[in-house]
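# With the sequence up front, the predicted model follows.
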Amino acid sequence: YGVMNVANDVTQQVLATQKLIETRIALSGAIELAELSTWSFCVKTREISYSERFREWLGLPHGKAMEEDFLELISEPHRYDVRQAIQVAVETGSEGAFDIEFPLQNASSSQIRIIHAAARVFYDNDGNAEYLSGTAQDVTKERKLQEELKFKVKERTSELRKANNELEINNQELQQFAYI
C-alpha cells in the first residue's frame, strides 16, 4: 500500500512538471509572437537581467547590467521618472505594480526606441520587495504613427476650418443678393 502512495505522488509530480513545461513553452511562444522582451530587477543588488531581445535594444554586451548603467541609457527627465516608478513599486504597502513608457538610447548604435515596460513586484517571506519581473515592448512605431495621425488630424481640421469660413462668407454674400 505504501508503494502505491509513493507511485501516485511521483505520478502527480511528473504530471505537474509536464504541465509546467507546457505552460512555459506556451508563454515563450506568446512572448515571441507579441515581440516582447523580459526582464527582472533585483532590489537588493540593483542588478537588471534581461532577455536577448532587450539586450539588443539596449546595445549592451551582456544579459545583465547594474541599475545605474541601465539608467544611463535613458535621458532626463525620463530617467528620473523610471527611477521614481521603481521606487514607488517596491515601497512597502504599494500595489507592487510598475508600468511606464520611456525613450531608450542604444549604447552601441545610439538608436532611440520608445519602450513600454510593465512588471510586478515579488516579495520575500518577510514581505519585503525582492525583485520586479516583467516585460518590455518597443512601441516606437506606434508612437510615431500616433504623432503622424495627430499632425494629419490637426492639418485636416485647419483645412476644414478654412473651408467653413469660406462657405460662411459665400453664404453671407448670397444672403445679400436674396434680399435685393
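Perfect, thanks for sending it.
# Tally up the residues packed near residue 75, please.
Other residues within reach of residue 75, judged by other Cβ atoms under 10 Å, total 12. Yep, even glycine has a C-beta here, placed from its N, CA and C like the rest.
# If you drop the residues flanking it in sequence, what lies closest to it?
Residue nearest to residue 75 in three dimensions, not counting chain neighbours: residue 103, with 6.3 Å by Cβ to Cβ, 6 or more residues apart in numbering.
# what residues does the host helix or strand of the one you found touch?
Secondary structure assigned from DSSP states H and E places residue 103 in strand 97-105. Around strand 97-105, the neighbours that count as contacts under Cβ atoms under 8 Å, 6 or more residues apart in numbering are 57-58, 73-75, 78, 81-82, 85-86, 89, 111-121, 132, 134, 139.
# now that strand, how far from the centre of its chain.
6 Å (Cα atoms, centre = their mean, to the nearest Å).
# likewise stretch 127-139?
On the basis of Cα atoms, centre = their mean, stretch 127-139 sits 10 Å off its chain's mean C-alpha point.
# what sits up against that stretch?
31, 34-44, 50, 54, 57, 86, 89-92, 96, 98, 101, 113-124.
# out of those, which are inside strands?
36-42, 50, 98, 101, 113-123 (DSSP state E).
# So how do I select the buried members of the residues you listed in PyMOL?
To isolate the buried members of the ones in strands among the contacts of stretch 127-139 in PyMOL, using 16 or more other Cβ atoms under 10 Å:
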select buried, resi 36+37+38+39+40+41+50+98+101+113+114+115+116+117+119+121
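# and stretch 40-59, what's its mean pLDDT?
For stretch 40-59, mean pLDDT rounds to 95.
# next one: stretch 97-115
95.
# start to end distance for that stretch?
17 Å (Cα to Cα, to the nearest Å).
# repeat for stretch 45-56
23 Å.
# residues in contact with residue 114?
101, 102, 103, 104, 138, 139, 140, 143.
# need the contact list for the most centrally placed residue in the chain.
By Cα atoms, centre = their mean, the chain has its centre lying nearest to residue 116, at 2.3 Å. By Cβ under 8 Å, 6+ apart, the contact list for residue 116 reads 100, 101, 136, 137, 139.
# Direction included, what does the strand or helix carrying the third one pair up with?
Here residue 136 is covered by strand 129-138, with elements defined by DSSP H and E. Strands flanking strand 129-138 in the sheet, each with its direction: strand 36-42 (antiparallel), strand 112-123 (antiparallel) (DSSP bridges).
# list the buried ones in it?
129, 130, 131, 132, 134, 135, 136, 137, 138.
# Thanks a lot, see you next time.
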